[in-house]
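Asks: Return a 3D structure for these sequence lines:
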Amino acid sequence: MAELRKDPILERWVVFSTERAKRPSEFLVEKAEKKQEIRCPFCEGNEGMTPPEILSYRKDDSRPNTPGWWIRVVPNKYPALRIEGELNKRQRGIYNMMDGIGAHEVIIECPQHLEDIFSLDQKNIEEIIWVYRDRMRDLAKDPRFEYALIFKNKGRIAGASLNYSHSQIIVTPVVPKRTEEELAGSNKYFTLKGKCVFCDIMNQELDSKERILWENEGFVSLCPFASRFPYEITILPRQHHCNFETITESEVKNLAVILRKCLGSLDKTIPNVPYNYLVHTSPYARASLGYYHWHLEIIPRLTRVADFEWGMGFYINQVLPEEAAG
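Replies: Residues are numbered from 1 along each chain as shown. Sure thing, here's the model as predicted:
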């Protein structure tokens, strides 16, 4: 029989219909693409094919925009938002608008043509996380910007245009609606219970052990109770912080371990799995919230969102999180 579960943060219902369950081989996975003999703009030696770099970790004797790097950050060649200009906020009757000002950057995570971050060694992943933090901090200095989203698309189904290990950061002049909803739901819980809902979720999951994947001194990874998608994963820091920018050296090391395990295990369960991961953090101007807890969300793109989801706001998941965690 199907079961409905309610997300304690967004108060959104999810339908778990295990009778519709698909075997992993039947999910929307992608076939590994044959390597084509074309120049990849992200590979070392092709630096001239991207916009000039903003930041790079490179050998001391190498120059910007030349070989010798191991992580490189460049502006997106086709940005959703551009950094040049003013917001120019305006209103036309009941409609509000502004110019598309923001930032859109690409983090090229390695110089060799690898398709996924879990293939990198531990130190490389730690440095990628440091780059995330450094770019968020630098862009926070711009008074036009209110929110930064770090995300990774792996596979064309998940929105990646290149099968190369990279992630992105988009900074917006407004706080996204999804973020405001999560903040509002967290604040509502805090007002009623006097506690952080994410901390309570983590503590209950650690007690039950039903949906826990991995844990270490800094982080806990789990399949959420009301997962929207098969094999969805949330990674939570043990220490309560609302803003990703506060991440410490020990937390960077522990997050790198957990992230590598989660993505590697996901790929082992469903080879070449397309996915997105996103860092949910508080807005720049709200960097000290007792009710919010930053976290990283991994969303495998194994099913399509259909009419029921669009029309009703209900998600249908064919795999219980307890089974996914097992």
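Asks: what about the residue lying closest to Cys199 once chain neighbours are set aside, how many neighbours?
Replies: Computed as CB to CB, 6 or more residues apart in numbering, the closest residue to Cys199 that is not its neighbour in sequence is His240, at 5.8 Å. Every C-beta, even on glycine, is put in place using the N, C-alpha and C of the backbone. When neighbours are defined as other CB atoms under 10 Å, His240 has 17 of them.
Asks: residues contacting His240?
Replies: Going by CB atoms under 8 Å, 6 or more residues apart in numbering, His240 touches Cys196, Phe198, Cys199, Gly290, His293.
Asks: That one and Leu289, how far apart?
Replies: Per CB to CB, to the nearest Å, His240 is found 10 Å from Leu289.
Asks: quick one on the thing from earlier: distance of the residue nearest to Cys199 relative to Ile157?
Replies: 35 Å.
Asks: try Ala148
Replies: Look at Ala148 and Ile157: by CB to CB, they are 25 Å apart.
Asks: Which of those two has more residues huddled nearby?
Replies: When Ala148 and Ile157 are compared on other CB under 10 Å, the one with more neighbours turns out to be Ala148, at 24 against 19.
Asks: Let me know the next secondary structure element after whichever strand or helix holds that one.
Replies: Applying DSSP states H and E as the criterion places Ala148 in strand 147-154. Using DSSP H and E, the next helix or strand after strand 147-154 towards the C-terminus is strand 166-172.
Asks: Any buried residues in that next one, and which?
Replies: Neighbour-count burial for strand 166-172, with 16 or more other CB atoms under 10 Å as criterion, is recorded at His166, Ser167, Gln168, Ile169, Ile170, Val171, Thr172.
Asks: now do stretch 231-250
Replies: Going through stretch 231-250 with 16+ other CB under 10 Å, the ones that come out buried are 231-238, 240-247.
Asks: Farthest pair within the buried residues of strand 166-172?
Replies: His166 and Thr172 (20.1 Å; CB to CB).
Asks: coming back round to it: pick out the lowest-pLDDT one from the contacts of His240.
Replies: Of all the contacts of His240, Gly290 carries the smallest pLDDT score, 95.
Asks: Near that one, how many residues? Count them for me, please.
Replies: For Gly290, the number of neighbouring residues by other CB under 10 Å comes to 13.
Asks: and the gap between it and Ser282?
Replies: Using CB to CB, one gets 11 Å for the distance from Gly290 to Ser282.
Asks: which SSE is the residue nearest to Cys199 in?
Replies: In this structure, His240 is located outside every helix and strand according to DSSP H and E.
Asks: Against Pro41, how distant is it?
Replies: Counting by CB to CB, the gap from His240 to Pro41 is 40 Å.
Asks: give the contact list for Thr18.
Replies: By CB under 8 Å, 6+ apart, Thr18 lies in contact with Ala2, Gln318, Val319, Leu320.
Asks: Assign Arg228 to helix, strand or coil.
Replies: Secondary structure, DSSP: H, G, I helix; E, B strand; the rest coil: Arg228 is coil.
Asks: List the beta-bridge partners for the closest residue to it other than its chain neighbours.
Replies: Of all residues not flanking Arg228 in the chain, Tyr315 sits nearest, at 4.0 Å (CB to CB, 6+ apart). When bridges are assigned using DSSP bridges, the partners listed for Tyr315 are Val14.
Asks: before we move on, what about Asn276?
Replies: Each beta-bridge partner of Asn276 is listed here, defined by DSSP bridges: Asn153, Ile299.
Asks: Provide a list of residues in contact with it.
Replies: Asn276 is in contact with Phe151, Lys152, Asn153, Lys154, Ala158, Gly159, Ile298, Ile299, Arg301, counting by CB under 8 Å, 6+ apart.
Asks: That one and Leu266, how far apart?
Replies: In this view, Asn276 and Leu266 are 12 Å apart by CB to CB.
Asks: Common neighbours of these two, please.
Replies: Taking CB under 8 Å, 6+ apart as the contact criterion, the residues that touch both Asn276 and Leu266 are Ile298.
Asks: A helix includes Thr179, no?
Replies: Yes - judged by three-state DSSP, Thr179 forms part of a helix.
Asks: In contact with the residue nearest to it when sequence neighbours are not counted: list those residues for me.
Replies: With sequence-adjacent residues excluded and distances taken as CB to CB, 6+ apart, Thr179 is closest to Tyr147, at 6.3 Å. Neighbouring residues of Tyr147 by CB under 8 Å, 6+ apart: Val171, Thr172, Val174, Val175, Pro176, Thr179, Pro283, Tyr284.
Asks: Any idea what Tyr147 is bridged to?
Replies: According to DSSP bridges, beta-bridge pairing links Tyr147 with Thr172.
Asks: if I look at it, how far off is Ala184?
Replies: When distance is defined by CB to CB, Tyr147 is 15 Å away from Ala184.
Asks: Do I have it right that Glu86 meets Asp99?
Replies: Yes - if you go by CB atoms under 8 Å, Glu86 and Asp99 touch, sitting 6.8 Å apart.
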